[in-house]
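1. got a sequence here, can you model it:
(chains A and B)
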Amino acid sequence: MVAIVVATHGNLSEALIGTAKMIFGTMEHIAEVTFKPGEGIENLLDKYQSASDELGDDQVLFLVDLFGGSPYNAASRFVARKEGMDVVTGVNLPMLIEVLGKRLAGGSLEELVQTARTAGADGIKSFKEVFSHQKIANSAIEDEGDELG
Amino acid sequence: MIIKWLRIDSRLIHGQVANNWVNHVGAGTIIAANDGAAKDDLRKTLLLQVAPGRTKSYVMTIDKTARCYKNPSYKDLDVLLVVETPKDVLRLMDQGVEVTQVNVGGITFKEGMTLISEAVSVSPEDVEAFKELNKRGVKLILQQLPNTQASDFMNRLKSKNLI
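-> Numbering: from 1, shown residues only, chains lettered A, B, ... in the order given. You can find the predicted model right below:
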């Protein structure tokens, strides 16, 4: 199984995983890494190492918050010379949930990376934009007959 | 119509949870059978907005759902059926819909209800309807998400001294 490490500035990673449980249910082989004021890249590298040791998987996908931020910079250093690891930035709830679903369905690391990229972006929508393309229901007509609709 | 899964959930269709169940039970169609939602054009439109993209979704009254159930052109259709209350399940059965199992997923707490799990509360009226479903041989399962634990719903009502 591909392990997932969610790494962010502050407590966002803890909260994201806790919230994902509300929608996805129980999950294993996932760890959060926080990055607090006063910590540096070395702290993150240590945390990544112990998270990865504890998870015990050959493959690890890091989902981090900001491209160019410390969680990203440390993760890129951590995975650069390792096989079977990658980093995706911009972690959000749609991304995390879709990645968990894909992993449950047996997705490979490459497939999880692809899912993360598309789900992270596709989860962002404007209500008015979607609504303007929708056909408005008409219950007066639609409650008739025995055909679906 | 083949009812792959019948779920009681006050939120009817809500994005990701609907998605999880659809994938889990292998249904290509979601029907939210609910009179209030089906007769409220805005609510119906908004429920359909958040239905999973890969699935055909419908919001229909209980009566219309029962009529479609009996329409032979849908005899091979795999459906995830969602209703709001156990009473609605009884209404569907009374109109000829065959039900053997019900997943009690989520009933939102309102005043006068008893909380029986993290996601499920029951009113005295609900308890009566569940007793009737149980009497008719319907298996009642308490389960919130496909990968959270399932338990026997009637046992839970007993343990809360509600029956």
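
2. so who does residue 3 touch?
-> Because you didn't say which chain, this covers chain A. Listed by C-beta atoms under 8 Å, 6 or more residues apart in numbering or on different chains, the contact set of residue A:3 reads A:29-31, A:52, A:55-57, A:59-61. C-beta here means a position set from N, CA and C on the backbone, and glycine is covered the same way.

3. correction: the question concerned chain B.
-> Contacts of residue B:3 (C-beta under 8 Å, 6+ apart): B:79, B:81, B:97-99.

4. since we're on residue 10, how many residues are nearby?
-> Since no chain was named, I'll use chain A. Neighbour count for residue A:10, taken as other C-beta atoms under 10 Å in any protein chain shown: 12.

5. that's the wrong chain, I meant chain B
-> Neighbours around residue B:10, by other C-beta under 10 Å: 19.

6. kindly report the same for residue B:29.
-> Per other C-beta under 10 Å, the neighbour tally for residue B:29 reads 19.

7. settle this for me: it is touching residue B:55, isn't it.
-> Yes. Counting by C-beta atoms under 8 Å, residue B:29 touches residue B:55, with 6.5 Å between them.

8. SS state for residue B:148?
-> coil (DSSP: H, G, I helix; E, B strand; the rest coil).

9. where does it land on pLDDT?
-> Looking at residue B:148, its pLDDT reads 89.

10. max-length strand in chain A?
-> Secondary structure of chain A per DSSP state E: the longest strand is strand A:2-9.

11. that strand pairs with which strands, and in what direction?
-> Strand A:2-9 has the following strand partners under DSSP bridges: strand A:30-35 (parallel), strand A:59-64 (parallel).

12. for those, which one ends up most surrounded?
-> Per-stretch averages of neighbours, counted by mean count of other C-beta atoms under 10 Å in any protein chain shown, single out strand A:59-64 among these, with a mean of 25.

13. mean confidence for that strand?
-> 98.

14. just the buried residues of whichever helix or strand comes after that strand, please?
-> Using DSSP states H and E, the helix or strand that follows strand A:59-64 in sequence is helix A:70-79. Buried residues in helix A:70-79, defined by neighbour count with 16 or more other C-beta atoms under 10 Å in any protein chain shown: A:70-76, A:78-79.

15. please apply the same query to stretch A:4-20.
-> For stretch A:4-20, a neighbour-count test (16+ other C-beta under 10 Å) marks A:4-9, A:12-13, A:16-17, A:20 as buried.

16. picking that back up, ok, of the contacts of residue B:3, which come out buried?
-> Members of the contacts of residue B:3 classed as buried by 16+ other C-beta under 10 Å are B:79, B:81, B:97, B:99.

17. nearest to chain A, of the residues you listed?
-> Comparing the buried ones among the contacts of residue B:3 against chain A with C-beta to the nearest C-beta places residue B:79 closest, at 9.6 Å.

18. which residue packs closest to that closest one, ignoring adjacent ones?
-> residue B:29 (4.8 Å; C-beta to C-beta, 6 or more residues apart in numbering or on different chains).

19. quick one, what contacts residue 97?
-> Here I'm looking at chain A. Counting by C-beta under 8 Å, 6+ apart, residue A:97 makes contact with A:20, A:23-24, A:119, B:16.

20. that was the other one, I meant chain B.
-> Under the criterion of C-beta under 8 Å, 6+ apart, the neighbours of residue B:97 are B:3, B:65-66, B:69.

21. give me the longest strand you can find in chain B.
-> Of all the segments of type strand in chain B, defined by DSSP E, the longest one is strand B:2-9.

22. show me what from chain A comes close to chain B.
-> By C-beta under 8 Å from any C-beta of the partner chain, the residues of chain A that approach chain B are A:23-26, A:97, A:101, A:104, A:130-131, A:134-139, A:142-149.

23. filter those down to the ones in helices?
-> Judged by DSSP state H, the subset of the residues of chain A next to chain B located in helices is A:23-24, A:97, A:101, A:104, A:130-131, A:139, A:142.

24. so what pLDDT did residue 10 get?
-> Assuming you mean chain A. Predicted confidence (pLDDT) for residue A:10: 97.

25. I was after chain B.
-> Looking at residue B:10, its pLDDT reads 94.

26. burial check on the residue lying closest to it once chain neighbours are set aside, number of neighbours?
-> Leaving aside its chain neighbours, residue B:10 sits nearest to residue B:108 (4.4 Å; criterion: C-beta to C-beta, 6+ apart). Neighbour count for residue B:108, taken as other C-beta under 10 Å: 12.

27. show me what counts as buried in stretch B:150-161.
-> Across stretch B:150-161, burial judged by 16+ other C-beta under 10 Å covers B:153-154, B:156-157.
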